[in-house]
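**Student:** requesting a structural model of the entry that follows:
(2 chains)
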Amino acid sequence: MKRTQREIEDSARTITRRSLIVGGLFIGTGGVLAGRMRYLQVERADDFRLLAEENRINLRLLPPARGLIFDRSGVLLAGNEQNYRITIVREDAGDVDAVLDEVARLVNLDLVSLERAREEIRRRPSFVPVTIADRLSWEELSAVAVNAPALPGVNPEVGLSRVYPLGADFAHVVGYVGPVSDWYLEQTGDTDPVLQIPDFQVGRYNIEDKAEGLLRGSAGTSRVEVNASGRVMRELDRDPATPGSDVQVTVDAGLQNYVEARMHGESAGAVIMDCTNGDVLAVASAPTFDPNLFVRGISTTQWNGLNEDPYRPLANKAVQGLYPPGSTYKMVVALAALEGGFITPDETVACPGHMEIGNRRFHCWRRGGHGRMNLIESLSQSCDVYYYELAQRVGIENISAMARRLGCGVRHDLPMSGIAEGLAPTMEWKRRRFEQDWVVGDTLNASIGQGFVLSSPLHLAVMTARIASGKTLIPNLIRSVDGVPEARPDPEDLGVDPEHLALIHQGMWRVNNHSRGTAYRSRTMGDEYTIAGKTGTSQVRNITAAERAAGVIRNEDLPWERRDHALYVGFAPYDNPRYAAAVIVEHGGGGSVAAAPIGRDILLRAQVGDVPPSELYPVSQRRGIEEMHRTLPIFEAPPQPSGRTPGAGGTDA
Amino acid sequence: MSFLEYNVKSTPTGWQKILHLNWALALLLVSVACVGFLMLYSVAGGSFSPWAEAQMQRFALGFCAMIVVALVPIWFWRNMSVLAYIISILLLLYVEFFGSTFGGAQRWIDLGFMRLQPSEVAKITVVMMLAAYYDWLDLEKVSNPLYVIIPLLIIGVPVGLTFIQPDLGTSLLILMGGGAVIFLAGVHWLYFASVIGLGVGAVTAVFASRGTDWALLADYQYSRIDTFLDPTRDPLGEGYHITQSQIALGSGGWTGRGFMQGTQIRGDFLPESHTDFIFPTLAEEFGFVGAASLLLLYVLILVFCIATALMARERYASLVVMGVAVTFFLYFALNMAMVMGLAPVVGVPLPLVSYGGSAMLVLMVAFGLVQSAHVHRAR
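**Tutor:** Okay, the predicted model is just below:
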């Protein structure tokens, strides 16, 4: 096709013009792109640099080692044991099923956990280690390690897990740890990042729970560089975890073991305190349970077994259980009367076996009556009528004020779960609680530790220790933290006339050491370890007039859960009180029969520092005692302080 | 130096032609390709395999193809234009029925040594076809409606075939590249005004059709538009590409984190960092300085193309060179706009840098046409 020169030039002009327009568009767009680059890379560089860091840096938490718990002489009560486990990394394993089969040949794997591991392996990214088995023996771990070449992707690992070497004896002191549940997070409002660590365990009961803040420690961090799928490329830096503080408790492992053993077979609780400083030396509740079960994950069967046992092994009867203190409360009434000047030591009250108040008849435990009783004899023989008389003179307000002064009906702040407050009733309390007026019968009931009065063995032990020492002892359970002794102010004076206390002491001495004392059977031989105490028997049912007329049914003939509670409180040595104890045997029958022997035995054990020799017992009981000591589950040798000393506070005072 | 002279009296012959190639343009192309090799090496974690080495081989092949095309007179290519266009349409039809499916789209023909993407070929053949058409057409007829419909059909067929693959990015590129050639040929500007008006109407229709039975786009295309409008809408899903891409770009700062030091790349946070998202990689490791330098190289290539177009005597040569320039421009401008969050993520590679055989070879052949126009520019 021929074109004229003019046509060609027109066309060239058009193309040139439009090319320049397009070229301008190029430059303009280039300018926009450069501007955007400048905006992103220069003006907002810092923002994006930060976002890139967030992408890249991942903070991993390093779990802290939980603080150890020692007894007063350094025996390990709660430690951390190495938990041997094996993990598998799918992408390193290749044929996962073949490797798992190989592992199952070396290690005892049950089908359920194997299936769970397979599921986990499928679910997680291929580079994440999945635990196939834990709590392996060293032999099993070694077997895996030795066969490592045949087990690609399988790694033996060591973690820490809580262990209670003394097992059940300390369940009611130390408690246990358990996994972090949603419920726990909700209840505590705890936001410590350490709780996010998989398999992390927190204290769930007793000291483990209440001293969680001390024992937990704080998480370390490891800053790692990760890629988009979360795989760790390298560790950038590491801030190691701070282990929890070691806690030393005031409890004596040997004594605690003896008390638990002595109460074996009963449903009972006991507390032993040091009368000089308030140290709690034993807090026992029988039956007990193995706290290690809770650490490893308790099975439903085991849980149901513990939960449905009528003896309630999970309840800590020593501090959680509230019982009518029965006649052990008589010291309170007697002291209130003496201090208020309502009676003199020599004044006597006649006991015909009952007392009529209005149209109601209040009975003494001895149907025939005690005859004329003075203060000391009333304690020794536990005459109820004498206290009915005192009650009317003293009044409930004075009685309850004295009870609180002695540590009953108040909350003692020990690091234990579910500490009961108890009850020392007042008129105001009854009006508030029942919208009824206080009647004199209520005071009479309270004077023999029945009716509204409620105490735990801890209350009674504090009461006994305060009576024995004349000091306002505050019970305490933590002896030292990381070797630094807990501050313990010198106990204040109780503010009770020492002569009045001496009278009570004499009455209590006669309980154990006079032939007419209610606990005379539970006396000790020789002068060194003399015990003074008081028995108590508290009814858990009402005895009707008809039954009383027909003869009160003996405890042995009642079903277990309707028998009386047996109580005993005591201190020793008599002339220089060092130990105070309180024992309750639920539905044990009479205090002198069921509780006093236990009280005597544990006070002897506390004083002797070992299983007491049979010479300290009355001749007629020695064979039985020897037989008992042979069969009781007592440590063969006292547990030795662990290698790791708890520090300066570790020496026994 | 003869290759930059404006008034070349006679067309060189034989091996003389090699001396008359636009060596400055060739050097710019090599420079851009080297940036690509460097980045592919970095993305592979400091390794020539799997990408950098293959890319080098293809570039070498492409460079040879460019020289071969350059040495052939431009009028030969004008005569080949119709044939090339028809072949590319047949290839598009072939992939429509027999192509290998990848990522939900039928785009490839597996040739054994490489995968041929007919849509990439079509970008250039459409430009060639249109240039040949306007070379044939008398200047006074270009704005005649009858003669406007023909080029629209020339563009429409490959755009439609590419769109149904579906490959939204490439179909847009062909459409815009073809449109640019029509504009350059001198068609009355009122046509463009009305097309832009229609385009706005079409966009409105596309959005209005959303969620109805006659939805015009696939769901993934709609969601890409949504994510473009608000990338933070789904930062771990649809918006992930663009968010991570901007993080990579932005964290580069002025001078970048250094070669092989980009954390977004090392940590695999940036997907497809060897293909469509290679630019953020460069920007992260070499910063604003590096990114702007690449942009400058691209603009210089455009400047040389425009210069060649303006020097050319033949109408076909001017139009084809400008068409190649526009296509090249659309490639890098769309890609950069996309990774910087200025345009939707439509899957356009960064020319000569992104890993990919078809685009590289087709572009080098296209620059061969530019070189041929340059060599045979004698008046």
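
**Student:** in chain B, which residue sits nearest chain A?
**Tutor:** Distances between chain B and chain A by C-beta to the nearest C-beta are smallest at B:G250, namely 2.5 Å. Where you see a C-beta, it was placed from the backbone N, CA and C, and this is true even at glycine.

**Student:** so that residue touches A:V42, yeah?
**Tutor:** No: counting by C-beta atoms under 8 Å, B:G250 stays clear of A:V42, with 9.2 Å between them.

**Student:** got a list of what A:P243 touches?
**Tutor:** A:P243 is in contact with A:64-67, A:217, counting by C-beta atoms under 8 Å, 6 or more residues apart in numbering or on different chains.

**Student:** next structured bit after the biggest strand by length in chain A?
**Tutor:** Ordering each strand of chain A by length in residues (DSSP state E) puts strand A:76-89 first. Using DSSP states H and E, the helix or strand that follows strand A:76-89 towards the C-terminus is helix A:90-93.

**Student:** so A:V154 sits against A:V103, correct?
**Tutor:** Yes: counting by C-beta under 8 Å, A:V154 touches A:V103, with 6.2 Å between them.

**Student:** common neighbours of these two, please.
**Tutor:** Joint contacts of A:V154 and A:V103 (C-beta under 8 Å, 6+ apart) are A:86, A:88, A:132, A:144.

**Student:** closest to chain B out of the residues you listed?
**Tutor:** Using C-beta to the nearest C-beta, the shared contacts of A:V154 and A:V103 come closest to chain B at A:I88, 23.9 Å.

**Student:** what number of residues lie near A:R393?
**Tutor:** Using other C-beta atoms under 10 Å in any protein chain shown, A:R393 is surrounded by 14 other residues.

**Student:** and what of A:W138?
**Tutor:** 9.

**Student:** for it, give me phi and psi.
**Tutor:** A:W138 adopts backbone torsions of phi -60, psi -40, taken as degrees, to the nearest 10.

**Student:** can you tell me how far it is from A:L494?
**Tutor:** Distance of A:W138 to A:L494, given as C-beta to C-beta, to the nearest Å: 56 Å.

**Student:** please identify the helix or strand for the residue of chain B closest to chain A.
**Tutor:** Short version: B:G250 belongs to helix B:240-252, going by DSSP H and E.

**Student:** just B:G199 next, same as before
**Tutor:** Assigned by DSSP H and E, B:G199 falls in helix B:189-208.

**Student:** please see if that helix touches chain A.
**Tutor:** No: Helix B:189-208 is not in contact with chain A by C-beta under 8 Å from any C-beta of the partner chain; minimum separation 9.5 Å.

**Student:** and that helix, C-alpha only, in PDB?
**Tutor:** Only the C-alpha atoms of helix B:189-208 are listed here, as PDB (Å, rounded to 0.1, in the frame of the first residue of the first chain):
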ATOM      1  CA  TRP B 189     -10.500  10.400  22.500                       C
ATOM      2  CA  LEU B 190     -14.300  10.300  22.800                       C
ATOM      3  CA  TYR B 191     -14.200   6.500  22.300                       C
ATOM      4  CA  PHE B 192     -11.900   6.300  25.300                       C
ATOM      5  CA  ALA B 193     -14.100   8.600  27.400                       C
ATOM      6  CA  SER B 194     -17.100   6.400  26.700                       C
ATOM      7  CA  VAL B 195     -15.200   3.200  27.300                       C
ATOM      8  CA  ILE B 196     -14.100   4.500  30.700                       C
ATOM      9  CA  GLY B 197     -17.700   5.400  31.400                       C
ATOM     10  CA  LEU B 198     -18.800   1.900  30.400                       C
ATOM     11  CA  GLY B 199     -16.000   0.500  32.600                       C
ATOM     12  CA  VAL B 200     -17.300   2.300  35.600                       C
ATOM     13  CA  GLY B 201     -20.700   1.000  34.800                       C
ATOM     14  CA  ALA B 202     -19.400  -2.500  34.500                       C
ATOM     15  CA  VAL B 203     -17.600  -2.300  37.800                       C
ATOM     16  CA  THR B 204     -20.800  -1.200  39.400                       C
ATOM     17  CA  ALA B 205     -22.600  -4.100  37.700                       C
ATOM     18  CA  VAL B 206     -20.000  -6.600  39.000                       C
ATOM     19  CA  PHE B 207     -20.500  -5.400  42.500                       C
ATOM     20  CA  ALA B 208     -24.300  -5.300  42.100                       C
END
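
**Student:** for it, which positions count as buried?
**Tutor:** B:Y191 (16 or more other C-beta atoms under 10 Å in any protein chain shown).

**Student:** before we move on, what about stretch A:340-358?
**Tutor:** A:340, A:342-343, A:349, A:351, A:353, A:355.

**Student:** can you give me the end-to-end span of that stretch?
**Tutor:** 25 Å (C-alpha to C-alpha, to the nearest Å).

**Student:** quick check: mean pLDDT across stretch A:488-502?
**Tutor:** Here stretch A:488-502 scores 90 as its mean pLDDT.

**Student:** OK, contacts around the residue nearest to A:G409 when sequence neighbours are not counted?
**Tutor:** Nearest residue to A:G409 in three dimensions, chain neighbours excluded: A:A424, at 2.9 Å (C-beta to C-beta, 6 or more residues apart in numbering or on different chains). Contacts for A:A424 were tallied using C-beta under 8 Å, 6+ apart; they are A:399-400, A:403-404, A:408-410, A:453.

**Student:** just to revisit the earlier point, close to chain A, is the next helix or strand after the helix holding B:G250?
**Tutor:** Next helix or strand after helix B:240-252 toward the C-terminus (DSSP H and E): helix B:263-266. Yes: legend: contact between helix B:263-266 and chain A by C-beta under 8 Å from any C-beta is shown at B:263-264, B:266.

**Student:** return the alpha-carbon coordinates of stretch A:611-618 using PDB.
**Tutor:** Taking C-alpha atoms only, stretch A:611-618 is exported to PDB below (Å, rounded to 0.1, in the frame of the first residue of the first chain):
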ATOM      1  CA  VAL A 611       8.600 -44.600 119.500                       C
ATOM      2  CA  PRO A 612       8.200 -44.600 123.300                       C
ATOM      3  CA  PRO A 613       9.700 -47.500 125.300                       C
ATOM      4  CA  SER A 614       7.100 -49.700 127.000                       C
ATOM      5  CA  GLU A 615       8.500 -48.900 130.500                       C
ATOM      6  CA  LEU A 616       6.600 -45.600 130.200                       C
ATOM      7  CA  TYR A 617       3.300 -47.400 130.100                       C
ATOM      8  CA  PRO A 618       1.400 -49.100 133.000                       C
END
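
**Student:** great, nothing more from me.
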